[in-house]
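Predicted model follows, preceded by the sequence.
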Amino acid sequence: MVIKAMPTTFRGTQYRSMLEASWAQWLYERGFNAQYEKRKFKLERGIWYLPDFYIPETRTFIEVKGNMERIHKPYQLTQELRRECPHWPDGGTMLLLAGPVGTFYNTEQPFYMGLNYTKCPNCKTSNILTEYGDMLCRYCGAPQTTLEKLLTLTKPLKWLLLERD
């Protein structure tokens, strides 16, 4: 059974679904400067992909999925980022696959231990950080303190959390 997405408006922006609008609200309430469908990528074989959210300050993409079907485009984007940015996991662009509001899918990367939400005490930028290595602001590099442990779902997707320059 396929559930049809219902376009929903939040703060003057029309989102393709109620789930995307709910994520927009979640991000807004935590101080993220999330841009909706602002950056388009041309993938292999001429396929275009438009991730749902981009947070420019911390170079973070968030793709919202109500279920785990039709994930070939996020997978292709991670392959493209891997080719363009061989020096990782330091810094770089993060691609997260979001499920129900406030949750992300587990990636099972060797360096992945979980996700945390922080608000940098130095530059006041909101961050979603992985728990590997130093907990540093992705914007200014200042040490971070965890404000909220983000929930991760148990379904593993080994390729969906990538850090790239």
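That came in fine, so what should we check first?

Low-confidence ranges, this structure, go.
1-3, 67-71, 79-93, 105-114, 131-133, 153-165 (pLDDT under 70).

just the strands in it please.
Here the chain has its strands, by DSSP state E, at 8-10, 13-15, 35-36, 41-42, 48-49, 53-55, 60-64, 93-98, 103-105, 115-119, 126-130, 148-153, 163-164.

where do the helices sit along the chain?
Assigned by DSSP state H, the chain shows helices spanning 18-29, 72-84.

still on that earlier bit, now the strands of the chain in a markdown table, with distance to residue 75 and mean neighbour count?
Using the backbone N, CA and C atoms, a C-beta is placed for each residue, glycine as well. Formatted as a markdown table, these follow (distance: least, CB to CB, whole Å; neighbours: other CB atoms under 10 Å):
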| stretch | distance to residue 75 | mean neighbour count |
| --- | --- | --- |
| strand 8-10 | 27 | 14 |
| strand 13-15 | 23 | 16 |
| strand 35-36 | 22 | 16 |
| strand 41-42 | 12 | 12 |
| strand 48-49 | 10 | 12 |
| strand 53-55 | 18 | 21 |
| strand 60-64 | 10 | 21 |
| strand 93-98 | 10 | 23 |
| strand 103-105 | 12 | 18 |
| strand 115-119 | 20 | 20 |
| strand 126-130 | 19 | 22 |
| strand 148-153 | 17 | 15 |
| strand 163-164 | 15 | 22 |
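
Take those and write them to JSON lines, including distance to residue 137.
As requested, the strands of the chain are exported to JSON lines (distance: least, CB to CB, whole Å):
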{"stretch": "strand 8-10", "distance to residue 137": "27"}
{"stretch": "strand 13-15", "distance to residue 137": "27"}
{"stretch": "strand 35-36", "distance to residue 137": "19"}
{"stretch": "strand 41-42", "distance to residue 137": "26"}
{"stretch": "strand 48-49", "distance to residue 137": "28"}
{"stretch": "strand 53-55", "distance to residue 137": "13"}
{"stretch": "strand 60-64", "distance to residue 137": "12"}
{"stretch": "strand 93-98", "distance to residue 137": "13"}
{"stretch": "strand 103-105", "distance to residue 137": "19"}
{"stretch": "strand 115-119", "distance to residue 137": "7"}
{"stretch": "strand 126-130", "distance to residue 137": "6"}
{"stretch": "strand 148-153", "distance to residue 137": "15"}
{"stretch": "strand 163-164", "distance to residue 137": "14"}
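
and stretch 26-45, C-alpha only, in PDB?
Coordinates of the C-alpha atoms in stretch 26-45 are reproduced here as PDB (Å, rounded to 0.1, in the frame of the first residue of the first chain):
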ATOM      1  CA  TRP A  26      12.000  20.300  14.200                       C
ATOM      2  CA  LEU A  27      15.000  21.900  12.600                       C
ATOM      3  CA  TYR A  28      13.700  25.500  13.000                       C
ATOM      4  CA  GLU A  29      12.900  24.900  16.700                       C
ATOM      5  CA  ARG A  30      16.500  23.900  17.200                       C
ATOM      6  CA  GLY A  31      18.000  26.900  15.400                       C
ATOM      7  CA  PHE A  32      19.100  25.300  12.200                       C
ATOM      8  CA  ASN A  33      19.200  27.500   9.100                       C
ATOM      9  CA  ALA A  34      17.800  24.700   7.000                       C
ATOM     10  CA  GLN A  35      17.300  25.400   3.300                       C
ATOM     11  CA  TYR A  36      14.600  23.400   1.600                       C
ATOM     12  CA  GLU A  37      15.500  21.800  -1.800                       C
ATOM     13  CA  LYS A  38      18.200  24.400  -2.500                       C
ATOM     14  CA  ARG A  39      21.000  22.300  -4.000                       C
ATOM     15  CA  LYS A  40      20.500  20.000  -7.000                       C
ATOM     16  CA  PHE A  41      23.000  17.300  -8.100                       C
ATOM     17  CA  LYS A  42      23.400  15.600 -11.400                       C
ATOM     18  CA  LEU A  43      24.100  11.900 -10.800                       C
ATOM     19  CA  GLU A  44      25.300   9.200 -13.000                       C
ATOM     20  CA  ARG A  45      23.300   8.500 -16.200                       C
END
